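Enquirer: structure, please.
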Amino acid sequence: MSVIDESGREFKVDLTNCDREPIHIPGHVQGHGALLAVHPDYFTILQASQNVATYFGTPAETLLGKELSILLDPTQMGALRDARQSQPLAQNPVYVFQGEIGGQGPFDVSAHTYQGILIIEAEAVDQIDPAAPDFQALVTESLVRLQSTKTLEDFCQAAAVEFRKISGFDRVMIYRFLQDASGTVVAEDLAPGIESFLGLHYPASDIPKQARALFVQNASRIIPDPSYEPSPIVPTLNPLTDRPLDMSYASLRGVSPMHTQYLRNMGVCASMSQAIVVDGQLWGLIASHHYENRRVPYGLRRGCEFLAKLVALMVRGKVDEEQSSYRQQIEETHDALVESMSRHRSIVEGLTGGERRIEHFVDCTGCAILADGECHLIGQTPTPTQVRVLAEWLRRERGDELYVTDSLSREYPEGERMKDVASGVLSIRLTKVPGEFVLWFRPEVVKTVNWAGNPTKPVEPTPSGDRLNPRKSFELWQEEVRDRSNPWKRLEIESARRLRIAITEMVIRRAEEVSRANVRLERSNVELDSFAYIASHDLKEPLRGIHNYSTFLLEDYGEALDETGRERLRTLVRLAERMETLTDSLLHFSRLGRQELDLQKHDLNDVLQEAIEATSARLEETGTEVRIPWPLPTVTCDGVQLVEVFQNLIANAAKYNDKPHKWIEVGVRSEGALPGEQPHVLYVRDNGIGIPRKHFESIFRIFKRLHGRTEFGGGTGAGLTITEKVVQRHGGRLWLESEPGQGTTFFFTLGA
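Expert: Modelled structure (predicted):
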């Protein structure tokens, strides 16, 4: 069979294009009623189903372009106009009246608007039964019984029983969709002698994706006779839209030939389905089958549709009840993690350092955090290398902020090696920094699934071979399912998404705090630098006066003082000299932060030679040998300041050495630089007294000395502070390795 696509072209339908079949524009209606497409303002007939000739006694071609009043009497037209004005007809079929049309009938008439077209449907009424049951009362009684159930399983079973009681169908099933769009019968009520489908699974191809999407729009579907004779829409294209008529909300909408064949293969002679939509998602269906042709009276159908909406609301409540304790656990863990992150310095410490940690957030067997260049593993996880490679794949191939799967190996070939610990993966990307993730893992769980027929063969060829038919066998077919974990619940997925938002907000807030702190620190450094400069500069004159006058007193009045007085004056001179030396060092240090760097290309061999010449007196005095194992590179730097770096390090190496044979080695290595730095790591190594590890940080504080004032030649303790400042101003870093008694190596780099 062929259908009409949106451009008006005909194409053949088979199961190879089921997911693309435009079932909302089948181009025909079912046989139990007639349809009219009418101008919404002028009530002129634009299109009609071919069978209006049978039902209304007037050919479709004759009706086209005529006013609707050619068929409806004034009372009926009045009812339609009232409905048009008072009822929300857009995408919402509304019952208008029951009565004869063109002397034929009676019909149940409904109307709705969609895409600017007024669509009127007239369904034939077999007979008017004055003793018809009160469906509203039946629905009310059913609702009371449904409310008495405790669990979701009991509720679904009760819903199946109540629907069959009201509808009179031979079989009513509650069909639940799974995450992969396949489905399973979770509840069922049957007439005597009918085979049970309870617990059977059906592949996603049985209800294609566009059919599932249409159920979300139009929750009800009636097929009184799968073997009906299709009645084409005339003309094929609507004159207003120049497109086929969209019948998404029409009860008479024609059925896909694949679906009618599917029903016939099952032996079903009538079906009725109501969607169970929860939070805008298709949760399941109330699927009713009958084994004889069966028209459903309009009142009964509306009662079933109303009950289906109540069932959907109650399903939501039951699902929430069953997940309430788990939801509370997740929310409490979420709050605890956020609180922990606010107390700890890093996000990783916040996620792992509290009483409730990241592995407690959702049900999992293992967890990994990739942040700050580290890979933190908790519980049963893949190896660090496997986790890093997986994170890189997620970053490169799955750029989304959240990724979830219960069968990693189906998308990621390397997942086959990890399925014992990571067949299921739920991951969130922490920040925009590449490769930062939180991943939760679940292992493979081997299951046996009962299918209604072989799911790997959803179609069978016809004898002519020109098309495919839906499968004919629905007998039990068992499959052992591997490479899958227990599925992730929507609650878990949404909670992970919410946690990611909380982490992102925390990172942003901390970045803002750091930025503000940096501004304050920069302002403070500028103020401190200015203070140090002013203080050291302005102190020099009074210190020089103290020194000079103390010297004059010794020279001119020394004989008049006893030895104690003279010694006190000499002490005053020494203190003034030391104070002047300290202020000179402080002034020099403050000037470093005030003057611009003169960056040029410099051969470090020349820079080093200048530093060696400046320290030659000390080197000769201490008998220290300077070794240069290989030539140094040419780099961009301030040559004058770099001379001072080498000079300070060489002078310290010569000074703090108690070995009979003293040596200093100055060299460069190409490995070990941090990302973004030039590839050269320079070093100054000695065989001196060494430095205990506990002093590695304190030696860079200005005026900090580890020894007495007169030991190892004295000094102000400013040399390393100045050296570190110069290196940092070049965008590099300074660090050391040392063992007491075995010598020290100072390393430094220069940024680009």
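Enquirer: tell me which residues of stretch 649-664 are tucked away?
Expert: Within stretch 649-664, the residues scored as buried using 16 or more other C-beta atoms under 10 Å are Leu649, Ile650, Ala651, Asn652, Ala653, Ala654, Lys655, Tyr656, Asn657, Lys662, Trp663, Ile664. Every residue, glycine included, has its C-beta placed from N, CA and C.
Enquirer: likewise for stretch 612-631?
Expert: Quick answer for stretch 612-631 (16+ other C-beta under 10 Å): Ile612, Thr615, Leu619, Thr624, Val626.
Enquirer: of those residues, closest to Asp189?
Expert: Val626 (96.9 Å; C-beta to C-beta).
Enquirer: wait, the closest one sits on Ala611?
Expert: No. With contact defined as C-beta atoms under 8 Å, Val626 does not reach Ala611; the gap is 9.7 Å.
Enquirer: joint contacts of these two?
Expert: Listed as contacting both Val626 and Ala611 by C-beta atoms under 8 Å, 6 or more residues apart in numbering are Ile650.
Enquirer: so Met314 makes contact with Leu146?
Expert: Yes. Here Met314 reaches Leu146: they are 6.2 Å apart, a contact under C-beta under 8 Å.
Enquirer: any shared contact partners between the two?
Expert: Counting by C-beta under 8 Å, 6+ apart, the residues touching both Met314 and Leu146 are Phe155.
Enquirer: ok, back up a step: most widely separated two among the buried residues of stretch 612-631?
Expert: For the buried residues of stretch 612-631, and using C-beta to C-beta, no pair is farther apart than Ile612 and Thr624, which are 10.4 Å apart.
Enquirer: where does the prediction get shaky in the stretch 651-752 of the chain?
Expert: Scanning the stretch 651-752 of the chain with the threshold set as pLDDT under 70 gives 670-679, 702-718, 752.
Enquirer: before we move on, what about the stretch 201-350 of the chain?
Expert: Judged by pLDDT under 70, no stretch of the stretch 201-350 of the chain qualifies at all.
Enquirer: just the strands in the stretch 401-550 of the chain please.
Expert: 402-405, 424-429, 437-442, 447-452, 459-461, 468-470, 476-481 (DSSP state E, counting those that start in this stretch).
Enquirer: Gln609: neighbouring residues, count only.
Expert: Burial of Gln609 is recorded as 14 neighbouring residues (other C-beta atoms under 10 Å).
Enquirer: could you do Pro434 as well?
Expert: For Pro434, using other C-beta under 10 Å, the count is 10.
Enquirer: ok, it - contacts?
Expert: If you count contacts by C-beta under 8 Å, 6+ apart, then Pro434 has Arg395 around it.
Enquirer: okay, and the beta partners of Phe97?
Expert: Applying DSSP bridges to Phe97 yields these beta-bridge partners: Val109.
Enquirer: wait, it sits on Ala79?
Expert: Yes. Look at Phe97 against Ala79 with C-beta under 8 Å: they come within range, at 4.8 Å.
Enquirer: which residues do those two both contact?
Expert: Counting by C-beta under 8 Å, 6+ apart, nothing touches both Phe97 and Ala79.
Enquirer: do you have the helices of the stretch 151-300 of the chain handy? List them.
Expert: Taking DSSP state H, counting those that start in this stretch as the criterion, the stretch 151-300 of the chain contains helices spanning 152-167, 209-217, 257-266, 298-343.
Enquirer: of these, which is nearest Cys637?
Expert: helix 298-343 (41.0 Å).
Enquirer: which is the succeeding secondary structure element to the helix or strand where Leu572 lies?
Expert: According to DSSP states H and E, Leu572 maps onto helix 563-592. Counting by DSSP H and E, the element after helix 563-592 in chain order, helix or strand, is strand 599-603.
Enquirer: each with direction, which strands does that following strand pair with?
Expert: Partners of strand 599-603 in its sheet, by DSSP bridges: strand 634-638 (antiparallel).
Enquirer: hey, C-alpha coordinates of the strand it pairs with in CSV?
Expert: What follows is strand 634-638, C-alpha atoms only, in CSV (Å, rounded to 0.1, in the frame of the first residue of the first chain):
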residue,chain,number,x,y,z
THR,A,634,69.7,31.5,24.3
VAL,A,635,66.5,32.8,25.9
THR,A,636,64.3,35.9,26.1
CYS,A,637,65.0,37.7,29.4
ASP,A,638,66.1,40.8,31.1
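Enquirer: which stretches of the stretch 401-550 of the chain have low pLDDT?
Expert: 432-433, 447-451, 453-480, 521-541, 543-544, 547, 549.
Enquirer: quick one: the helices in it?
Expert: 419-422, 490-557.
Enquirer: before we move on, back to that, in JSON lines: the helices of the stretch 151-300 of the chain, plus mean neighbour count.
Expert: As requested, the helices of the stretch 151-300 of the chain are exported to JSON lines (neighbours: other C-beta atoms under 10 Å):
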{"stretch": "helix 152-167", "mean neighbour count": "20"}
{"stretch": "helix 209-217", "mean neighbour count": "16"}
{"stretch": "helix 257-266", "mean neighbour count": "20"}
{"stretch": "helix 298-343", "mean neighbour count": "17"}
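Enquirer: CSV for the ones you listed, including distance to Val445?
Expert: Below are those laid out as CSV (distance: least, C-beta to C-beta, whole Å):
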stretch, distance to Val445
helix 152-167, 21
helix 209-217, 26
helix 257-266, 31
helix 298-343, 18
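Enquirer: closest to Gln742 out of those?
Expert: Here helix 298-343 is closest among these (C-beta to C-beta), at 41.1 Å.
Enquirer: and Gly373, how far from Gly435?
Expert: Look at Gly373 and Gly435: by C-beta to C-beta, to the nearest Å, they are 9 Å apart.
Enquirer: so for the two, which sits in the more crowded spot?
Expert: Higher neighbour count among Gly373 and Gly435: Gly435, with 16 against 9, using other C-beta under 10 Å.
Enquirer: quick one: contacts for the more buried one?
Expert: Gly435 touches Leu370, Arg388, Ala391, Glu392, Arg395, counting by C-beta under 8 Å, 6+ apart.
Enquirer: what's around the last one, how many residues?
Expert: Residues contacting Arg395 under the criterion other C-beta under 10 Å number 15.
Enquirer: which element is it on?
Expert: Going by DSSP H and E, Arg395 is part of helix 384-397.
Enquirer: any of the contacts of Gly435 buried? List them.
Expert: By 16+ other C-beta under 10 Å, the contacts of Gly435 give Leu370, Arg388, Ala391 as buried.
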